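When you get a sec, could you give me coordinates for this:
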Amino acid sequence: MSEHNTPEYITFPRTFENYRWYKPILVFIIGAIVYVILQVAIFAIFGMAYGWNTIFQLMTQGYEALNSEAGSYIGYLSVAIFLPSLYIATKIVRDRPFSSYSSSRGGWDWKLFFKSLTIPLAVYLIYEIITSIIHGPVGPNTLTVTFFVICLIIIPLQCIAEEYFLRGLVMQTFGSWFKIPIVAIILQSVIFASMHPYSILGVVGVLIQGILLGFLTWRSNGLEASSALHCVNNLTSAYFTAIGFEVTSSIIGPFDFASTIIVTTVSALGLYYVGTRKGWFGEKTEKLI
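This next block holds a predicted model:
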């Protein structure tokens, strides 16, 4: 099958040539093996650079580790390697083109991705500026040019990789098995939430975010819009933490929970509305919900 001749997308491939239900499981297993190898390499490199005691302490801190430079690099890179892991696994299993995880348009669309950044970025910046004015600094300013540049590279990679894994491999696999989009969207969001060890409110918040990202992926015919929203969320959090107006924590309180849901929902629905009105997402897929 041609790399640019994918069937209808709707994030639920059902008619791939020579498709077998068990092949996504093989992709997952092989991808997991590759992931472990890459993860060991990351720990080895950072262990030599920062010392093994520092790395061990960061590994046991939860999301508090993201308040440090080394913890941020390790945390983001540990997710970014989902992307090469999935790519290598699909090349070994060869059940479908890797580009089919991206969209029904035959691959990743950078123009759509950058356009999709605009709406969430406006919403998140307004929120962050208002809350920064109200609460003032809550931590030290540790922002450096090096941190700014490195995060500008690795955080988008981390977010795109997470989208490929969850809204690509996982959601598409569940969709191909159950043939009901809403089931696939909810199941992938449950897995998404289970990967984020926050307190209960934080986990529920991530679950809702996962549903919104899944909805965006489904209705926009690809991963670009959800990846853009994901990138804005993580980048603004990283930078506002670095300048001292946020503190990353595993314990999520009611205010943070409510504000996260509101900002994510407004961003997702705003992006979907504008993208649909402007024709950013191309042809609509058949309506299955």
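
I'd like the mean pLDDT over stretch 48-60, please.
For stretch 48-60, mean pLDDT rounds to 82.

and Tyr87, how far is that from Ala161?
Per Cβ to Cβ, to the nearest Å, Tyr87 is found 10 Å from Ala161. Heads up, the C-betas are built off the backbone N, CA and C, glycines and all.

cool, Val123 as well?
Computed as Cβ to Cβ, the Val123 to Ala161 distance reads 23 Å.

what about these two, which has more around it?
Ala161 (25 against 22; other Cβ atoms under 10 Å).

tell me which element that one is part of?
helix 145-163 (DSSP states H and E).

Flag every buried residue along that helix.
Across helix 145-163, burial judged by 16 or more other Cβ atoms under 10 Å covers 147, 150-151, 154-163.

ok, Phe255 to Gly202 distance?
Taking Cβ to Cβ, one finds Phe255 at 12 Å from Gly202.

nope, Gly71 is what I meant
For Gly71, the distance to Gly202 - Cβ to Cβ - is 17 Å.

Can you tell me which of the buried residues of helix 145-163 lies closest to Leu38?
Nearest to Leu38 among the buried residues of helix 145-163: Ala161, at 11.2 Å, using Cβ to Cβ.

Show me the helices in the protein, by range?
Listed in chain order, the helices of the chain (DSSP state H) span residues 23-50, 52-59, 69-80, 82-93, 110-135, 145-163, 171-178, 181-194, 200-220, 224-242, 254-278.

Tabulate those (JSON lines), appending distance to Thr248.
Below are these laid out as JSON lines (distance: least, Cβ to Cβ, whole Å):
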{"stretch": "helix 23-50", "distance to Thr248": "18"}
{"stretch": "helix 52-59", "distance to Thr248": "12"}
{"stretch": "helix 69-80", "distance to Thr248": "9"}
{"stretch": "helix 82-93", "distance to Thr248": "21"}
{"stretch": "helix 110-135", "distance to Thr248": "14"}
{"stretch": "helix 145-163", "distance to Thr248": "13"}
{"stretch": "helix 171-178", "distance to Thr248": "27"}
{"stretch": "helix 181-194", "distance to Thr248": "17"}
{"stretch": "helix 200-220", "distance to Thr248": "11"}
{"stretch": "helix 224-242", "distance to Thr248": "5"}
{"stretch": "helix 254-278", "distance to Thr248": "11"}
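
Which of these has the lowest mean pLDDT?
Going by mean pLDDT, the lowest-scoring of these is helix 52-59, which has a mean of 80.

re earlier: report all helices and strands that the helix holding Ala161 contacts.
Packed against helix 145-163 by the contact rule (3 or more Cβ pairs under 8 Å, 6 or more residues apart in numbering; DSSP states H and E) you find helix 69-80, helix 82-93, helix 224-242.

what are the C-alpha coordinates of it, in CSV please?
Extracted C-alpha coordinates of helix 145-163, given in CSV (Å, rounded to 0.1, in the frame of the first residue of the first chain):
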residue,chain,number,x,y,z
VAL,A,145,18.4,30.8,27.2
THR,A,146,19.6,27.2,27.1
PHE,A,147,16.5,25.9,28.9
PHE,A,148,14.3,28.1,26.7
VAL,A,149,15.8,26.7,23.5
ILE,A,150,16.0,23.1,24.6
CYS,A,151,12.4,23.0,25.8
LEU,A,152,11.3,24.7,22.5
ILE,A,153,12.7,21.6,20.8
ILE,A,154,12.0,18.7,23.1
ILE,A,155,8.6,19.6,24.4
PRO,A,156,6.9,19.7,21.0
LEU,A,157,8.6,16.4,20.2
GLN,A,158,7.3,15.0,23.5
CYS,A,159,3.7,16.2,22.8
ILE,A,160,3.7,14.9,19.2
ALA,A,161,5.2,11.6,20.3
GLU,A,162,2.5,11.2,23.0
GLU,A,163,-0.2,12.0,20.4
